[in-house]
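Participant: quick check, what structure comes out for this input:
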Amino acid sequence: MFSFCTDPETLDRLRWLACYLTTGKHANFYVSFGTVLLLLGITAPTALAFGFGGAIAARSHILPIRWFGQGYTAIVRGVPDIAFFLFFVIALDQMFEFLRHKVKCPDWTEPIRQGNDFIVCAEAKLPLSTSPQWVHETYGFFLAVLTFSIVFGAFAANVLYGAMRAVPRAQLETAEAYGMTHRQTFWRILVPQMWVFALPGLSNLWMVLIKATPLLFLLGVEDIVYWARELGGTANPRFTDYPHGDWRMWYFLVLLIFYLGFTRVSEILLERVMLKLTHGQATMGGERQRKAAA
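Facilitator: Residues are numbered from 1 along each chain as shown. So this is what the prediction gives:
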């Protein structure tokens, strides 16, 4: 904050606005944009890993594993996202505390489930009540990332499963004719070839993931939606020393511009990746490049 911000009532309009936008609460608002980007940066590869595992499981020749892979994609895709987001946060938190409770408090005799209450020993709580605030925030963010990864991993699994089936069977048969094992055919032929078929679906999934980040607000993470709602509302001493009217429209306009700009940049980058992957491929994109070069 600037040195002239000691008394807001003595400031002219521009200085008042400069002081208002540089308060500690606004600094948290600016940092929350980084929180969203960090969530995307961690969730995208993690969800892709979940999806790849789910697609492999759905293709497995072992019946229980195939059922697990197909059930994972069918159940998660068939239930509204918000229901899973709210369910997984509670379920994962209680699962972690239950496992810690069994390890740290083996002599506990009271039931963990007492009516609607879930009660574990103090040593098993996550995080501990004595932990600093950043530990609580980090743990909440970790649960949010894991929840996003599980949900969007199911959609990625469906995309990758379809992409694997789209690879021409003749290429796999040729690899087998050259003496490649099933494992070699999978990793050297199928996996490299499938990405060109998977990228359109994964691109759409990336856009959906970007639009889903405001759900962090429902998971207890202080994200950009949380701060926009609180800072843009009418005067609240907990959030600002500079009273104002209902400015939520302007704060959410900033979020609108941020999301539109971010999705536009994503579209440009994904288009370039798609051009690189389809180069020389027997796909519609590859055929367009071949005809344009001719």
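
Participant: just for the stretch 101-250 of the chain, where's the confidence low?
Facilitator: For the stretch 101-250 of the chain, applying pLDDT under 70 flags the ranges 234-241.

Participant: how far does the lengthiest helix in the chain sit from its chain's centre?
Facilitator: Determined from DSSP state H, the single longest helix within the chain is helix 24-59. Chain-centre distance of helix 24-59: 3 Å, with Cα atoms, centre = their mean, to the nearest Å.

Participant: what residues are up against the closest residue to Ala58 other than its chain neighbours?
Facilitator: Spatially, and ignoring its direct neighbours in sequence, Ala58 is nearest to Gly69 (3.5 Å; Cβ to Cβ, 6 or more residues apart in numbering). Where you see a C-beta, it was placed from the backbone N, CA and C, and this is true even at glycine. Residues near Gly69 by Cβ atoms under 8 Å, 6 or more residues apart in numbering: Gly53, Gly54, Ala55, Ile56, Ala57, Ala58, Arg59, Ser60, Ala157.

Participant: likewise Val135?
Facilitator: By Cβ under 8 Å, 6+ apart, the contact set of Val135 is Pro127, Leu128.

Participant: show me which positions of stretch 123-143 end up buried.
Facilitator: By neighbour count on 16 or more other Cβ atoms under 10 Å, the buried set for stretch 123-143 is Ala124, Lys125, Leu126, Gly140, Phe141, Leu143.

Participant: make CSV out of those and add distance to Leu209 and secondary structure.
Facilitator: Listed next are the buried residues of stretch 123-143 as CSV, based on distance: Cβ to Cβ, whole Å; DSSP: H, G, I helix; E, B strand; the rest coil:
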residue, distance to Leu209, secondary structure
Ala124, 33, helix
Lys125, 31, coil
Leu126, 26, coil
Gly140, 19, helix
Phe141, 16, helix
Leu143, 17, helix
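
Participant: pick the one among the residues you listed closest to Ile224.
Facilitator: Within the buried residues of stretch 123-143, the smallest distance to Ile224 is 13.9 Å, found for Phe141 (Cβ to Cβ).

Participant: the closest one contacts Thr35, doesn't it?
Facilitator: Yes - between Phe141 and Thr35 there is a contact under Cβ atoms under 8 Å: 7.3 Å.

Participant: overlap in contacts, those two.
Facilitator: Contacts common to Phe141 and Thr35, judged by Cβ under 8 Å, 6+ apart, are Val221.

Participant: looking at neighbours, which among the contacts of Gly69 is most surrounded?
Facilitator: Greatest neighbour count in the contacts of Gly69, by other Cβ atoms under 10 Å, goes to Ala157: 27 neighbours.

Participant: that one and Ala58, how far apart?
Facilitator: Distance, Ala157 to Ala58, using Cβ to Cβ, to the nearest Å: 7 Å.

Participant: who touches both of these two?
Facilitator: Residues touching both Ala157 and Ala58 (Cβ under 8 Å, 6+ apart): Gly69, Thr73.

Participant: hmm, back to that, buried residues in the longest helix of the chain, which are they?
Facilitator: Neighbour-count burial for helix 24-59, counted by 16+ other Cβ under 10 Å, picks out 25-26, 28-29, 32-33, 35-36, 39-40, 42-44, 46-48, 50-59.

Participant: what's the first helix or strand after that helix?
Facilitator: Following helix 24-59 in sequence order, the next helix or strand is helix 63-78 (DSSP states H and E).

Participant: pLDDT of that following helix, averaged?
Facilitator: For helix 63-78, mean pLDDT is 90.
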